[in-house]
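**Student:** build me a model:
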Amino acid sequence: MVFDFLAMFVTGVGAASCYMILKLVLKDRLPRWGLPATIGAAMLVFSVWNEYSWFSRSTAALPDVVQIILVPEDKSLLRPWTYLFPVTSRYMALDGTSLRVSDQNPAFRQADLIFVERWVGTQRVPIAFDCAGGRHADLVDGATLAADGTLTGSDWITAQPGDIMQSAACNIQANGSSG
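**Tutor:** Below is the predicted model:
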């Protein structure tokens with residue numbers, strides 16, 4: 001958030017500099033109110049661009065083997081325009097680079113879910129998948145998945161038909177490529 005504020009401030013300084021150069025070129029023919037209006041408009045435009053382009057800039061930096069699973073759109077009473085133009089400030093992805101496939105049974109897999117939220121640290125949660133059984137389990141608080149598919153410290157959750165997370169984990173190859 002600090003970097004967003006600094007970038008907005010630098011945008012305002014840049015806009016003020018451009019206005020002052022234009023004022024020199026035009027030999028003082030610009031109105032006095034133009035400087036603060038230019039600074040304010042530039043900072044506002046930058047802030048809106050920064051807010052609405054965050055998701056695309058964030059996901060463009062991800063490797064190809066990271067699959068986006070969920071992208072909720074945020075709406076807020078404090079920002080009423082978001083009811084007309086929702087903004088994305090968080091998403092969930094499956095990290096294909098963390099995929100591990102059981103040597104004993106390739107239907108059992110483990111991968112990390114990544115929870116990314118703007119202005120909040122990224123969180124990773126290891127998840128076990130049983131592709132043949134259509135189920136998954138969170139591997140938190142010491143839970144483990146053995147190579148034979150034995151799950152300890154957690155319970156299997158049956159995936160709903162069409163579950164995007166289950167499908168992504170089961171259709172990704174062991175090297176991280178889709179297939």
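**Student:** so which strand or helix has residue 95?
**Tutor:** Assigning secondary structure by DSSP states H and E places residue 95 in strand 90-101.
**Student:** immediately after that strand, which helix or strand?
**Tutor:** strand 108-117.
**Student:** quick check: which helices or strands does that next one pack against?
**Tutor:** Judged by 3 or more C-beta pairs under 8 Å, 6 or more residues apart in numbering; DSSP states H and E, the packing partners of strand 108-117 are strand 90-101, strand 120-130, helix 164-171. Bear in mind the C-beta positions are built from the backbone N, C-alpha and C, glycine included.
**Student:** buried set for stretch 7-21?
**Tutor:** 11-12, 15, 19 (16 or more other C-beta atoms under 10 Å).
**Student:** next one: stretch 128-144
**Tutor:** Within stretch 128-144, the residues that count as buried by 16+ other C-beta under 10 Å are 128-131, 134-137, 139.
**Student:** also stretch 156-163?
**Tutor:** For stretch 156-163, using 16+ other C-beta under 10 Å, the buried residues are 159, 163.
**Student:** off-centre distance for it?
**Tutor:** 23 Å (C-alpha atoms, centre = their mean, to the nearest Å).
**Student:** could you list the domains of this structure?
**Tutor:** For the chain, the domain assignment from automatic domain parsing gives the residue ranges 2-60, 66-171.
**Student:** dump these to JSON lines, plus mean pLDDT.
**Tutor:** Written out in JSON lines, the entries for the domains of the chain read as follows (pLDDT from 0 to 100):
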{"stretch": "domain 2-60", "mean pLDDT": "94"}
{"stretch": "domain 66-171", "mean pLDDT": "91"}
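**Student:** just say which of these is most tucked in.
**Tutor:** For the domains of the chain, the stretch with the most neighbours on average is domain 66-171, a mean of 15; neighbours defined as mean count of other C-beta atoms under 10 Å.
**Student:** who's in contact with the residue of the chain positioned farthest from its centre?
**Tutor:** Largest separation from the mean C-alpha position in the chain: residue 27, at 47.6 Å (C-alpha atoms, centre = their mean). Residue 27 makes no contacts at all, as judged by C-beta atoms under 8 Å, 6 or more residues apart in numbering.
**Student:** what does residue 90 give?
**Tutor:** By C-beta under 8 Å, 6+ apart, residue 90 lies in contact with 72, 74, 115-118, 120.
**Student:** 10 Å - rerun?
**Tutor:** Contact partners of residue 90, counting by C-beta atoms under 10 Å, 6 or more residues apart in numbering, are 54-55, 58, 70-74, 115-120.
**Student:** next one: residue 149
**Tutor:** Contact analysis of residue 149 by C-beta under 10 Å, 6+ apart lists 102, 104-105, 107-108, 128, 130, 132-133, 156.
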